[in-house]
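S.K.: Kindly generate the corresponding structure for this input.
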Amino acid sequence: MRGVVDDTTPGNEWWRNAVIYQLYVRSFSDGNGDGAGDLQGIIDRLDHLEQLGVDGVWLNPCYPSPQHDHGYDVSNYFDIEPAYGSLEIFDEFVREANSRGIRVLMDVVPNHCSSDHTWFKEALVAGPGSAARERFYFADGRGDGGSEPPNDWNSVFCGSAWTRVTESDGSLGQWYLHTFDSHQPDLRADHPDVVAHFRNMFRFWFDRGVDGFRVDAIIVMGKEPGLPDATSAPEGTPPDDTWRFNAHTINHPSLFPIVTEWRKVFDDYQREHSRVLVSVSEAYTPRAPENLLRYVGRDSFHQSFTFDLLLEPWNASAMEQAIRSNYDTLRRAGRSYTWTLNNHDAHRMVTRYGRLDAHEFYSGNNLLNSSAPVDLRLGDERARAALMMMLALPGCAYLYMGEELGLPEVLDLPNDRREDPLFLRSGGQQPGRDGCRVPIPWTQASANSFGFSGNDTPSWLPQPATWGTYAVDRQDHDPESTLQLYRAALRLRSLFVAAGDHMEISRENDLLFIHRGNSVAVVNFGWQTTALPDSFGPNHTPLRALTPVLSSRPGALSAAGGAGIPPQTGASANVSGVPTPGSAPTAAPQGPWRLAENSAVWLVRAVDQPLT
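M.R.: Below you'll find the predicted structure:
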């Protein structure tokens, strides 16, 4: 038992070093037998999350929604989607999670709502020039009879960002802006009704025990007055990627006063109720840490995802630069660090890293992926090493449901089963995000969708026939499984956290070194086993003074003569075997050591003083 959630300790900013687990509600566990996940299913599986060792969970949107974008088209921000449960079941979920020491974050979608939202229905009826339409971006069209969109903006989900409405009298009328799907009309963020709406929404869910919010699609929420045509994208940019370069909405300065207003809501509620709350922004700022700074700070979000690790190719130079540039920029400004390798909008990392061009492919866009062949064994090795790299970094880490099982992307979903609007709006040219949202397997046996459901109702997305090889009950007692590695890494991560936020990062060819206090992580990005140097980094830190406590896979670390050095996997790296300050290392092997290709190792020193 990890203990209940407690906000009474002064200065307890729990989120700074937390590990938070993203739950895609539809795909975690089906408690009511309808083929889609729900809140009762999550309650039934909370022991899995407690054993994993996470500090919190982030729920993808579970508000009422017509599900055109599976919850990211919200029709009511103050209730629970009936297919997922009720407010009463949600309250039970929060209580049960908190009793296990697990905090609860929700997902808020402020850029847009559903076309089924009461406000949008009112706007359609009210007509041009009405107060109801002022909450959105309605505009007259260009060209003969207004037949062309008001500007040339493209949707993130392909095609035009505008849709024309039919007015109450049956005539073709104005157009409305939707940065994403046509069922997701953009809200005017600075409209007084919209500002008050989200202020009230935050407080409503805080009153129900929610500890924070992940804020969706924040970079497109601001808009240039008058909505001029988009700024030009760099020459050669794929048509489906040009939206990222429209400065009239991307990172537009008009959004930041709204963010400051939201932060005040959080801060005021914290002070009034002695709570410790957190906000985290989904702001993709690839290779631009100076832009990331705008989304994290005292007048902004508590956290903002550093998505660079999710986007960078598998090579030591790229990863070193991504980590160093973001860490240095955030550290100088006194901001928090927030890392992730997976989410519901990106191909799973086992598949990304298994691509035969993974060492060089980079698009800067999580929705545009390589089509190179995949070697899943290679991808699995690299994904396990990447986890250990990320967990060694200072700050907060976010995991995505199923990555602890080593799930790959499902690339061969039948087209008639795909539901992502990105796939539908692109005419099938973009495969979309369904492949990372396939319901996870709990049992090796295929019955009841590999244990996902309580009956034989097919899961909402089909699972591969091989899904049982990744099942929780298969990995649960396998000392070499990915699940056991995750459990051990989350337990031993405290060795790095104890060192505080100071970090030194260095590289020698394909070897990446992350040094914090008495602990060091080494990652081999290369194609062959490599001898570890006697010392590393600008201070020539000695490696032979260290003891290995965890490696990413069996046989990853060996002595010069080829003998394996324990612990090789998570199961054998238990707390009793970890040197503690002031004690001697237990059976410390002597180097030189060799680290296998595409693997990682954690090493610690059993002394009171940090390594120098």
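S.K.: C-alpha from now on. contacts and neighbour counts both.
M.R.: Fine.
S.K.: okay, the spatially most central residue of the chain: pLDDT?
M.R.: The residue lying closest to the centre of the chain (Cα atoms, centre = their mean) is Asn343, at 3.9 Å. Here the pLDDT value assigned to Asn343 is 98.
S.K.: The nearest residue to it once chain neighbours are set aside and Leu23: what is the separation?
M.R.: Nearest non-adjacent residue to Asn343, counting by Cα to Cα, 6 or more residues apart in numbering: Tyr400, 5.3 Å away. Per Cα to Cα, to the nearest Å, Tyr400 is found 7 Å from Leu23.
S.K.: Looking at these two, which has the bigger crowd around it?
M.R.: Leu23 (23 against 20; other Cα atoms under 10 Å).
S.K.: What distance do you get for the more buried one to Asn151?
M.R.: Leu23 sits 37 Å away from Asn151, taking Cα to Cα as the criterion.
S.K.: now do Ser114
M.R.: Here Ser114 is placed at a distance of 22 Å from Asn151 (Cα to Cα).
S.K.: For the two, indicate the residue with more neighbours.
M.R.: Ser114 (27 against 18).
S.K.: residues touching the spatially closest residue to that one that is not a sequence neighbour, list them.
M.R.: What sits nearest to Ser114 in space, not counting adjacent residues and going by Cα to Cα, 6+ apart, is Asp73, at 4.2 Å. By Cα atoms under 8 Å, 6 or more residues apart in numbering, the contact set of Asp73 is 65-67, 109, 112-115, 183-184.
S.K.: Tell me how many other residues surround the residue lying closest to Arg491 once chain neighbours are set aside.
M.R.: Spatially, and ignoring its direct neighbours in sequence, Arg491 is nearest to Gly53 (6.8 Å; Cα to Cα, 6+ apart). Applying the criterion other Cα under 10 Å, we find 22 residues in the vicinity of Gly53.
S.K.: quick one: low-confidence parts of the stretch 1-150 of the chain?
M.R.: Applying pLDDT under 70 to the stretch 1-150 of the chain flags the ranges 1-3, 8-11.
S.K.: how about a cut-off of 80?
M.R.: The model of the stretch 1-150 of the chain has pLDDT under 80 over residues 1-11.
S.K.: do the same with the chain
M.R.: 1-11, 544, 560-592, 606-612.
S.K.: isn't Pro150 right up against Trp175?
M.R.: Yes. Shown here, Pro150 and Trp175 form a contact pair, counting by Cα atoms under 8 Å, at 7.3 Å.
S.K.: Next, show the common contact partners of these two.
M.R.: Shared contacts of Pro150 and Trp175 (Cα under 8 Å, 6+ apart): 139-141, 162.
S.K.: will you turn those residues into TSV that also has neighbour count and distance to Ala499?
M.R.: As requested, the shared contacts of Pro150 and Trp175 are exported to TSV (neighbours: other Cα atoms under 10 Å; distance: Cα to Cα, whole Å):
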residue	neighbour count	distance to Ala499
Ala139	22	55
Asp140	17	58
Gly141	19	59
Trp162	28	51
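S.K.: which one of those residues is nearest Tyr353?
M.R.: Distances from Tyr353 to the shared contacts of Pro150 and Trp175, taken as Cα to Cα, are shortest for Trp162 (36.2 Å).
S.K.: which one is the closest one nearest to, not counting chain neighbours?
M.R.: That would be Leu177: by Cα to Cα, 6+ apart, it lies 4.7 Å from Trp162.
S.K.: hang on, the one you found packs against Pro185?
M.R.: Yes. Using Cα under 8 Å, Leu177 is in contact with Pro185, at 6.0 Å.
S.K.: list residues touching both of the two?
M.R.: The contact sets of Leu177 and Pro185 overlap at Phe136 (Cα under 8 Å, 6+ apart).
S.K.: For the nearest residue to Leu557 once chain neighbours are set aside, name its beta-bridge partners.
M.R.: Excluding the flanking residues, the one nearest Leu557 by Cα to Cα, 6+ apart is Leu595, at 4.7 Å. Beta-bridge pairing of Leu595 under DSSP bridges involves Thr530, Leu557.
S.K.: Return the residues in contact with Leu595.
M.R.: Listed by Cα under 8 Å, 6+ apart, the contact partners of Leu595 are 524, 529-532, 556-558, 601.
S.K.: Could you rerun that using 7 Å?
M.R.: Taking Cα atoms under 7 Å, 6 or more residues apart in numbering as the criterion, Leu595 is in contact with 524, 529-532, 556-558.
S.K.: For those residues, which single residue is the most surrounded?
M.R.: Tallying neighbours with other Cα under 10 Å puts Leu557 at the head of these, with 30 neighbours.
S.K.: measure it to Ala531 for me?
M.R.: Taking Cα to Cα as the measure, Leu557 falls 10 Å from Ala531.
S.K.: Give the residues shared as contacts by these two.
M.R.: The contact sets of Leu557 and Ala531 overlap at 593-595 (Cα under 7 Å, 6+ apart).
S.K.: And those residues, which is closest to Asn539?
M.R.: Distance to Asn539, by Cα to Cα, is smallest for Trp593 among these, at 19.9 Å.
S.K.: what's that closest one sitting at in phi/psi?
M.R.: Main-chain torsions, Trp593, degrees, to the nearest 10: phi -110, psi 160.
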